[in-house]
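A predicted structure for the sequence below; I have some questions about it.
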Amino acid sequence: MSAPILVDARGLEPPAPFEMALEAVADLGAGGSILLLLDRMPHPLFRILERDGYAYTPQIRADGAVEVLIERR
């Protein structure tokens, strides 16, 4: 398993973080994963990931950033 692709969308105005996340997911190969860094929980993105069969694990880091690991199921 390779290291996750890092997508750092912190500090960007909506909808840029959402669009960056969707582009990264669209390019994700089999067995790949994405580490998404954001300023807030991306609840609309979670619904799309669930609908399309991706697994995701969100957590809030000590610095307040939201980290979401996205993987193909």
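Sure thing, it's come through.

okay, CA-based contacts and neighbour counts for the rest of this
OK.

for residue 69, helix, strand, or coil?
Three-state call for residue 69 (DSSP: H, G, I helix; E, B strand; the rest coil): strand.

Spatially nearest residue to it, not counting backbone neighbours?
residue 35 (4.6 Å; CA to CA, 6 or more residues apart in numbering).

Now do the longest helix anywhere in the chain: which elements does it pack against?
Scanning the chain for the longest helix, with DSSP state H as the assignment, gives helix 16-26. With contacts taken as 3 or more CA pairs under 8 Å, 6 or more residues apart in numbering; DSSP states H and E, helix 16-26 sits against strand 5-8, strand 33-38.

any chance of those in TSV, plus mean pLDDT?
What follows is these, written out as TSV (pLDDT from 0 to 100):
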stretch	mean pLDDT
strand 5-8	97
strand 33-38	98
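
how about low-confidence regions in the chain?
1 (pLDDT under 70).

Just want the most central residue of it.
The C-alpha lying nearest the average C-alpha coordinate of the chain belongs to residue 36 (CA atoms, centre = their mean; 3.8 Å).
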